[in-house]
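**Q** Fold the stuff below for me.
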Amino acid sequence: MLHTAKFCTDILTSDEVLLIEKHIGVNSKQIQQRVERKFNGITSWIVNQYGFRLFFVVDFVKLLGKTEITEQDYVEAEEEIEKFLWYLFRDEAFIDRISLIRIDFRLDIRLQEDERKLLFFLYRKTTSKYRHQQKYDQYKTTVYFNSKSVQCCCYDKEEEAKDKRGFIESYEAGILRLEVRLMNQHLKYKKYRKGKEKCLKEYFKDNLFKQYMTEYFEAILYKGDYYKITKAKSIINGSCLKTTEKEKLIKFLSYVSTYGIDSAKEKYTKYYFKKFRNQLETLQINPILIPKNKKEFPPFMKNPLSNLHK
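**A** Residues are numbered from 1 along each chain as shown. Okay, here's the model as predicted:
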């Protein structure tokens with residue numbers, strides 16, 4: 001469910017910064033090292049730009065010592081964060097002076113190496129743009145869609161951990177991670193337009209995790225399992241669609257396989273693109289096919305997004 005969250009305080013006075021230094025026994029530039037030694041899963045620092053602000057990032061997997069985090073873990077997470085704030089400020093009033101400025105939802109799926117390689121090959125063939133998000137796929141094991149307010153990222157967690165720190169934790173082995181990152185601009189929009197406060201309690205909810213993951217990733221990566229063209233044709237021909245509908249759908253699927261999603265969006269009207277996509281969803285076929293000439297890839301791949309609907 002949750003991966004990380006980032007918070008900041010309102011403006012701190014110079015005296016308040018001095019109190020923090022006094023409470024923890026180091027100057028403000030050394031806060032990060034002291035906090036990381038004392039609190040597992042929390043990183044903190046102070047920035048002096050138009051006034052002093054304390055920033056901190058919480059890694060919920062490390063904070064709670066578990067990978068499966070649900071709404072029921074909110075109370076424990078909040079208690080740990082309150083311990084951290086008390087350590088710095090020795091004043092419960094500061095709990096009301098923090099604001100959520102980013103939160104990352106995650107879906108972890110354990111897959112074989114050839115399956116992960118296949119998915120990144122297929123993800124590069126999906127749409128280049130969704131809403132205001134632009135696709136970036138120049139990295140070998142990462143594909144992400146970026147805007148100023150929301151980011152969607154697909155990456156090989158095992159490879160990322162090896163590159164970043166040279167080793168992996170047991171819960172990172174073989175993991176494909178899908179993340180939706182809600183940035184401060186999105187959180188502000190939700191507060192001022194929708195009345196959702198920028199606090200952890202508002203976003204620490206199972207249904208919200210599912211809503212964001214479904215809304216963004218199913219629109220970018222599409223529903224349905226991955227097949228080679230021969231099997232996809234067999235499923236379509238065995239369906240209850242009319243013969244002419246089957247022929248049109250197979251033609252659409254073949255066009256996407258040859259020219260890609262973006263080209264298909266230009267060739268077909270919005271009505272027909274949506275119609276064909278809905279027909280494929282009903283048949284549980286992803287519009288992006290596994291290439292028939294790629295022998296190193298498995299001939300079938302279950303869509304990892306199906307884990308959202310279990």
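**Q** nearest spatial neighbour of His186, skipping sequence neighbours?
**A** For His186, ignoring the flanking residues on the chain, the nearest one in space by CB to CB, 6 or more residues apart in numbering is Ser149 at 3.9 Å. C-betas here are computed from N, CA, C, even on glycine.
**Q** Can you tell me how far the one you found is from Val57?
**A** 19 Å (CB to CB, to the nearest Å).
**Q** Equivalent analysis for Glu172, please.
**A** Distance from Glu172 to Val57, by CB to CB: 18 Å.
**Q** Compare these two and say which is more crowded by neighbours.
**A** Ranked by neighbour count (other CB atoms under 10 Å), Glu172 and Val57 place Glu172 first, with 20 against 16.
**Q** Tell me the confidence at the more buried one?
**A** At Glu172, the model reports a pLDDT of 90.
**Q** Could you pull up the contacting residues of it?
**A** By CB atoms under 8 Å, 6 or more residues apart in numbering, the contact set of Glu172 is Lys157, Glu158, Ala161.
**Q** what about the first one, neighbour count?
**A** Burial of Lys157 is recorded as 23 neighbouring residues (other CB under 10 Å).
**Q** next one: Trp86
**A** The burial count for Trp86: 14, using other CB under 10 Å.
**Q** Was I right to think it contacts Glu92?
**A** Yes - the pair Trp86 / Glu92 is scored as a contact, 7.1 Å apart, by CB atoms under 8 Å.
**Q** if we can go back for a sec, in helices, which of the contacts of Glu172 appear?
**A** Lys157, Glu158, Ala161 (DSSP state H).
**Q** Now that we have those, can you turn them into TSV and tack on distance to Tyr227 and pLDDT?
**A** Formatted as TSV, the ones in helices among the contacts of Glu172 follow (distance: CB to CB, whole Å; pLDDT from 0 to 100):
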residue	distance to Tyr227	pLDDT
Lys157	26	93
Glu158	26	91
Ala161	31	89
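**Q** how about those in TSV, adding distance to Met301?
**A** Listed next are these as TSV, based on distance: CB to CB, whole Å:
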residue	distance to Met301
Lys157	18
Glu158	18
Ala161	23
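**Q** Going along the chain, name the strands of the stretch 201-310 of the chain.
**A** For the stretch 201-310 of the chain, the strands defined by DSSP state E, counting those that start in this stretch occupy 226-227, 300-301.
**Q** mind checking which of those is nearest Tyr192?
**A** Closest to Tyr192 of those is strand 226-227 (CB to CB; 40.7 Å).
**Q** Can you list the strands that the closest one pairs with?
**A** strand 300-301 (antiparallel) (DSSP bridges).
**Q** buried set for the helix or strand harbouring Ile103?
**A** According to DSSP states H and E, Ile103 maps onto strand 98-110. Of the residues in strand 98-110, Ile98, Ser99, Leu100, Ile101, Arg102, Ile103, Asp104, Phe105, Arg106, Leu107, Asp108, Ile109 count as buried by neighbour count, 16 or more other CB atoms under 10 Å.
**Q** what's near enough to touch the third one?
**A** To tie it back to what came earlier, the one meant is Leu100. Ala5, Lys6, Phe7, Leu187, Lys198, Cys199, Leu200, Glu202, Tyr203.
**Q** where does the stretch 201-310 of the chain have low pLDDT?
**A** 310 (pLDDT under 70).
**Q** can you count the residues close to Gln134?
**A** By other CB under 10 Å, neighbour count at Gln134 equals 12.
**Q** residue contacts, it?
**A** Contacts of Gln134 by CB under 8 Å, 6+ apart are Ser128, Phe145, Asn146, Ser147.
**Q** Return the member of those residues nearest to Phe39.
**A** Using CB to CB, the contacts of Gln134 come closest to Phe39 at Asn146, 30.2 Å.
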